[in-house]
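Chemist: Sequence first, then the predicted structure:
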Amino acid sequence: MKILVINNNTIHMPFLTKALAGHELEIRKYHPGMDFSCGDKDLVILSGGGGEGLEIHDEHEPGHLWYENEMEFVRTTDKPVLGICMGLEVIARAFGESVDKMAKGVNSFQEFEMTDAGKKLLGKSRVKQFEAHDWHVPKAPKGFEILAKSKNGIEIIKHESRKILATQFHPEKGGTLSLKNLIGFIGV
């Protein structure tokens, strides 16, 4: 599979490339105004972020969000998209939902439960995954269904008609659901 990875300056890139071994990867580091052309790619992955200290609400110039171009790409692409952590936050904002600061961040393996839709699609009722984030999405964007929730907020969302799936956790760091499993659930 040919995969375009948009690197949102994740510190987990070594884990991500290892989890995607066997696929043809093109990795581009995100910056405002970047070229999102994906030609022959089968999948686009939006990585986690925060390694540079930029967060979902940060601006690169007055009135323009740092991730604005990535949000526009997500709204308009016809390619399958998998968002991881910051990727989920970008997708949520792209489709009009808020991303809120957590009272206390998380940086460990966490257990959480699947919704009925999540159980049906993923075949599991509880999972344990690695999370590292200070922000959360409290409500699913319009057109998305929630597949999993935890005490920290939404953990997995899937678009109802487009091939877009996103996780707040880091499947590249291991856990019950592997990155390979999640790619399969997008329908690529």
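Modeler: Perfect, I can see it now.

Chemist: CA only for contacts and neighbour counts going forward, please
Modeler: Noted.

Chemist: Would you give the sheet partners of the lowest-mean-pLDDT helix or strand in the chain, along with the direction of each?
Modeler: Least confident element among the helices and strands of the chain, by mean pLDDT, DSSP states H and E: strand 59-61 (a mean of 81). Listed by DSSP bridges, the sheet partners of strand 59-61 and their directions read strand 64-65 (antiparallel).

Chemist: Now the partner strand: average pLDDT?
Modeler: What strand 64-65 shows for mean pLDDT is 84.

Chemist: measure the most far-flung residue of the chain relative to its centre to A92 for me?
Modeler: What lies farthest from the middle of the chain is P62; by CA atoms, centre = their mean that is 25.8 Å. Counting by CA to CA, to the nearest Å, the separation of P62 from A92 is 22 Å.

Chemist: hmm, back to that, ok, and what's touching the least confident helix or strand of the chain?
Modeler: P32, L65, W66 (CA atoms under 8 Å, 6 or more residues apart in numbering).

Chemist: would you list these in TSV and tack on distance to I56 and neighbour count?
Modeler: Rendered in TSV, the data for the contacts of strand 59-61 read as follows (distance: CA to CA, whole Å; neighbours: other CA atoms under 10 Å):
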residue	distance to I56	neighbour count
P32	13	15
L65	8	17
W66	7	20
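
Chemist: now those residues in JSON lines, with distance to P138?
Modeler: Rendered in JSON lines, the data for the contacts of strand 59-61 read as follows (distance: CA to CA, whole Å):
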{"residue": "P32", "distance to P138": "26"}
{"residue": "L65", "distance to P138": "20"}
{"residue": "W66", "distance to P138": "21"}
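
Chemist: Show me what counts as buried in the least confident helix or strand of the chain.
Modeler: Buried residues in strand 59-61, counting neighbours by 16 or more other CA atoms under 10 Å, are absent.

Chemist: And stretch 3-18, by the same measure?
Modeler: Across stretch 3-18, burial judged by 16+ other CA under 10 Å covers I3, L4, V5, I6, N7, N8, N9, T10, H12, M13, L16.

Chemist: Run through who's touching stretch 176-188.
Modeler: Under CA under 8 Å, 6+ apart, the answer for stretch 176-188 is 19-20, 42-43, 80-82, 121-122, 127-129, 163-165, 171-172.

Chemist: averaged over its residues, what pLDDT does that stretch have?
Modeler: 86.

Chemist: now swap in stretch 48-58 and tell me
Modeler: Confidence over stretch 48-58, taken as the mean pLDDT, stands at 77.

Chemist: Figure out the length between the terminal residues of it.
Modeler: Separation of the first and last residues of stretch 48-58 by CA to CA is 15 Å.

Chemist: which parts of it are buried?
Modeler: Result for stretch 48-58 [16+ other CA under 10 Å]: buried residues G48, G49, G50, E55, I56, H57.
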